[in-house]
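Visitor: got a predicted structure plus its sequence, pasted below:
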Amino acid sequence: MAITATKLRVDLYRVIDDVIKKGVPVEVELRGRKVRIVPAEPRDKLANLIRRPGVIVGDPGRLARVRTFDEARWRRKWDKRLK
């Protein structure tokens, strides 16, 4: 996000709050030169997630037992097709 120095002066505290909360750097342009405002500590990406209760329909305990992609089995099958 790039803003002018005038816009920064008007909304200084809001811009700083956004940088802290979202962790997204802000570029400020003054007389054709740019500077960047960045948070001092990196923000945890998972902290931005919004809790959404009720999204998983059914028993969430079953998720650990769900069959996933078996790469070894796929490779054996693929290798047979290549021969």
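Guide: Good, I have the coordinates. Not measured: the values here are computed from a predicted model.

Visitor: now the helices for the chain?
Guide: Remark: helices assigned in the chain by DSSP state H are 5-10, 12-22, 71-82.

Visitor: out of those helices, which gets nearest to Ile50?
Guide: Ile50 lies closest, by Cβ to Cβ, to one member of the helices of the chain: helix 12-22, at 13.2 Å. Placement of C-beta: from N, CA and C, glycine included.

Visitor: mind listing what's buried in the closest one?
Guide: Val15, Val19 (16 or more other Cβ atoms under 10 Å).

Visitor: can you list the helices of the chain in CSV and add mean pLDDT and distance to Arg62?
Guide: As requested, these are exported to CSV (pLDDT from 0 to 100; distance: least, Cβ to Cβ, whole Å):
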stretch, mean pLDDT, distance to Arg62
helix 5-10, 94, 50
helix 12-22, 92, 34
helix 71-82, 86, 22
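
Visitor: format these as JSON lines; extra columns: distance to Ile37.
Guide: As requested, the helices of the chain are exported to JSON lines (distance: least, Cβ to Cβ, whole Å):
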{"stretch": "helix 5-10", "distance to Ile37": "8"}
{"stretch": "helix 12-22", "distance to Ile37": "6"}
{"stretch": "helix 71-82", "distance to Ile37": "44"}
